[in-house]
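Student: dropping the sequence and predicted coords here.
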Amino acid sequence: MAFEKFDPNDEESFDKMREFFNPSQVDQSVRHALQICWMMLPNDKRNVDELERQFRRIVDRALKDTCEDDQAFGKS
């Protein structure tokens, strides 16, 4: 694991953070979430179709909540 210090007063800190992370960070997080979801499924429902259904349900809910939060807190 790598660490990078970011200065909150540095106007370029967001750009530096974006350079530090890359798409593989997201890919790794998604794969980890899939693995946890798989382990949480009951044994009789552990199949790829059910995993996809449950994972999409969770992601769709998270995206919906994010949109609602954005509207509620006026960040757009």
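Tutor: Thanks, I have the structure now. Numbering: from 1, shown residues only.
Student: check what pLDDT Met1 gets.
Tutor: At Met1, the predicted lDDT confidence score is 55.
Student: can you offset everything so residue one is 51?
Tutor: All set: I'll call the first residue 51, so the last point we hit is now Met51.
Student: can you pull the contacts of Cys117?
Tutor: Contacts here follow C-beta atoms under 8 Å, 6 or more residues apart in numbering; on that basis Cys117 touches nothing. For the C-beta atoms, the positions are set from N, CA and C on the backbone; glycine is no exception.
Student: which residues of the protein fall in helices?
Tutor: 63-70, 73-90, 98-123 (DSSP state H).
Student: state the distance from Pro58 to Lys66.
Tutor: 12 Å (C-beta to C-beta, to the nearest Å).
Student: no wait, Phe105
Tutor: Phe105 is 32 Å from Lys66, by C-beta to C-beta.
Student: pLDDT of stretch 101-116, averaged?
Tutor: Stretch 101-116 comes out at a mean pLDDT of 97.
Student: kindly apply the preceding question to stretch 57-71 instead.
Tutor: The pLDDT scores in stretch 57-71 average 81.
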